[in-house]
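Chemist: 3D model of this:
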Amino acid sequence: MSRTLPIVLSLGLLACAEEPAGEPAGELDPTSSPLLGSLDKELIDDVIFQELGAIQYCYQRELNLDETLEGKLVTKFVIGVDGLVDSAEITYDQLDRPEVGDCVLDRIEELEFPPPKGGGIVIVSYPFQFSPG
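Modeler: So this is what the prediction gives:
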């Protein structure tokens, strides 16, 4: 029988298309770079918060196996011109539990955002801080 533990989950948007993480604007090659659109950070937060229960479940499932499991997981995903997530990856994983990251990516890939302003894509780096409550 598994025991449900309270979870503390801290979220926050690190960067979006206007400032792709690790790529200063001066180094982008306009001939090979996709058109970048924009979405308000608050809007991105709102969409993610709507799916927070499913994302927390990814962590809870593994927390039931290891009550000391905690750490930061940073995702990077691309919102396409239609508002759907085109790709997603883990860029930092302090949890060292691939099952959590894979599950979180599955949830992120199902998110639906409004189409970005300007008709381009939006690149998002989004951190999740997981800890037992």
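Chemist: give me the helices and strands touching the one helix or strand Val100 maps to, please.
Modeler: Assigned by DSSP states H and E, Val100 belongs to helix 98-109. Other elements packing on helix 98-109 under the criterion 3 or more Cβ pairs under 8 Å, 6 or more residues apart in numbering; DSSP states H and E are helix 52-63, strand 71-79, strand 85-93, strand 122-132. Any C-beta I mention is one placed from the backbone N, CA and C, and that applies to glycine too.
Chemist: try it again at 7 Å.
Modeler: helix 52-63, strand 71-79, strand 85-93 (3 or more Cβ pairs under 7 Å, 6 or more residues apart in numbering; DSSP states H and E).
Chemist: alpha carbons of that helix, as CSV, please.
Modeler: Provided in CSV are the C-alpha atoms of helix 98-109 (Å, rounded to 0.1, in the frame of the first residue of the first chain):
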residue,chain,number,x,y,z
PRO,A,98,14.2,9.5,-15.6
GLU,A,99,10.6,8.3,-15.0
VAL,A,100,9.7,11.7,-13.5
GLY,A,101,11.3,13.7,-16.4
ASP,A,102,9.7,11.4,-19.0
CYS,A,103,6.3,11.8,-17.4
VAL,A,104,6.6,15.6,-17.1
LEU,A,105,7.6,15.8,-20.8
ASP,A,106,4.6,13.8,-21.8
ARG,A,107,2.4,16.3,-19.9
ILE,A,108,4.1,19.3,-21.4
GLU,A,109,3.8,17.9,-24.9
